[in-house]
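Colleague: Predicted model and sequence below, questions to follow.
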Amino acid sequence: MRKLSCAAVLFDLDGVLVDSRAAVERQWSIWARAHGLDPATVIHAAHGRPTIDTIRQLAPHLDSAAEAMIVEQREIADLEGVRAIPGAADLLARIPGGRWAVVTSGTRRLATTRLCAVGLPLPSTLVAAGDANGKPSPEPYLKAAAALRFEPGECVVIEDAPSGIRAGKAAGMRVIAVPTTYAVDELVQADVLIPRLSDLRLAVANTPGLQAIHLDLLVPGP
């Protein structure tokens, strides 16, 4: 059993708190075929990154802002199969107020739509697309830490995508990865890899002058 102690937890959304993979891949496949692109290539590039960045990379000849709006509207409308990740509701319920945030590459509207659809609470701090430079830039995670009034080194990030892991590490934070979206060998930059979010155990301990959050990780090894 390994323990990480932190003051705040910064969650990616899709693939960490919300399972939206089927909807995401469905809509990106439709978009890819409409523009003569390989759906598998587009999907692999799209997870964990702002929609507009994916379009700029893979289809620079298109109006990226207009296309991003189309994809977003389709994703907002497509809630088939979208559900809370097992363990997400229990974990969020145990974290004291002001000690967690959501940092997503999706838009604010898409994030709140999915959180409400699966019955998870809306965070007091939400950093979404358009609020900062997109992952793998560290800016989204740094902005969330600042909003919670904690230093980067006091925060732990939970991610499922290589771009998000790079963002968290560049921000000076420890990163826990879950292989819900990408293969384990693509998540090796994380500090800790856990099979499922539900493997996390969290205890809140009071220490002089600080209420510290302890994440107890049930992972193999010493």
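Modeller: Arrived safely, thanks for sending.
Colleague: what about the strands in the protein?
Modeller: For the chain, the strands defined by DSSP state E cover 2-6, 8-11, 18-19, 83-84, 100-103, 126-127, 155-159, 174-177, 192-193, 200-207, 210-217.
Colleague: Can I get the ones you listed in a markdown table including distance to S29?
Modeller: No exception for glycine: its C-beta is placed from N, CA and C like everyone else's. Converted to a markdown table, the strands of the chain look like this (distance: least, Cβ to Cβ, whole Å):
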| stretch | distance to S29 |
| --- | --- |
| strand 2-6 | 37 |
| strand 8-11 | 26 |
| strand 18-19 | 17 |
| strand 83-84 | 20 |
| strand 100-103 | 26 |
| strand 126-127 | 28 |
| strand 155-159 | 24 |
| strand 174-177 | 25 |
| strand 192-193 | 28 |
| strand 200-207 | 32 |
| strand 210-217 | 35 |
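Colleague: could the ones you listed go into TSV alongside mean neighbour count, mean pLDDT and distance to K135?
Modeller: As requested, those are exported to TSV (neighbours: other Cβ atoms under 10 Å; pLDDT from 0 to 100; distance: least, Cβ to Cβ, whole Å):
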stretch	mean neighbour count	mean pLDDT	distance to K135
strand 2-6	15	83	20
strand 8-11	25	96	12
strand 18-19	23	97	17
strand 83-84	16	98	22
strand 100-103	27	98	8
strand 126-127	22	98	10
strand 155-159	27	96	9
strand 174-177	24	96	12
strand 192-193	17	92	18
strand 200-207	13	78	21
strand 210-217	16	63	21
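Colleague: Between those, which one is closest to M69.
Modeller: Comparing the strands of the chain by their distance to M69 (Cβ to Cβ), the top pick is strand 126-127, with 19.8 Å.
Colleague: Many thanks, have a good one.
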